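Undergrad: I would like the atomic coordinates for the input below:
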Amino acid sequence: MASRTSVPSLALLLALLLSCAAQMSSAARTLEEAAAPKEEEPEFPPHLPVPELPVPEHELPPLPKVELPPKPEVPTFPDVHLPPFPEVELPPKPEMPAVPEFHFPVPEAKP
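TA: Have a look, this model is predicted:
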């Protein structure tokens, strides 16, 4: 059961909610009326054509020839001879244990 102080505050909140809903509907109506189609806007004359500007024709100077220094020689590395990889005998691989099977228990029949 609601306490004595919560009933008036609940009524106040309900009244506030109803007043907000009324204001929202009137605001929506005002916006709809404002958005109604108005008179047609006057047509403006077409834009004037833009004259084409002359493009100056000129030749680009030749690019300078760039001379790079010679590439350095890569030193040759001596061949590396490693000893052969030793043959190692490994123990036999153990077998994986079998996964135990799981079965859901059968529910007992209720009387």
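Undergrad: do a quick rundown of the helices in the chain.
TA: Using DSSP state H, the helices of the chain run over residues 6-34.
Undergrad: low pLDDT regions in the protein?
TA: The model of the chain has pLDDT under 70 over residues 1-4, 36-39, 111.
Undergrad: now stretch 48-68 - C-alpha only, CSV.
TA: The C-alpha coordinates for stretch 48-68 follow below in CSV (Å, rounded to 0.1, in the frame of the first residue of the first chain):
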residue,chain,number,x,y,z
LEU,A,48,24.8,34.1,-67.1
PRO,A,49,27.3,31.9,-69.0
VAL,A,50,30.8,31.9,-67.7
PRO,A,51,33.3,32.9,-70.3
GLU,A,52,36.2,30.5,-70.9
LEU,A,53,39.5,32.0,-69.9
PRO,A,54,42.5,31.6,-72.2
VAL,A,55,45.0,29.0,-71.0
PRO,A,56,48.6,30.2,-71.5
GLU,A,57,50.6,27.7,-73.6
HIS,A,58,54.1,27.3,-72.5
GLU,A,59,56.7,24.5,-72.5
LEU,A,60,58.1,23.1,-69.4
PRO,A,61,61.9,23.2,-69.1
PRO,A,62,63.6,19.8,-69.4
LEU,A,63,64.2,17.9,-66.1
PRO,A,64,67.8,17.9,-64.9
LYS,A,65,69.5,14.6,-65.2
VAL,A,66,70.3,13.2,-61.8
GLU,A,67,73.4,11.1,-61.4
LEU,A,68,73.4,8.7,-58.5
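Undergrad: buried ones in that stretch?
TA: Within stretch 48-68, not a single residue qualifies as buried, counting by 16 or more other C-beta atoms under 10 Å. All C-beta atoms are positioned from the backbone trio N, CA, C, and that covers glycine.
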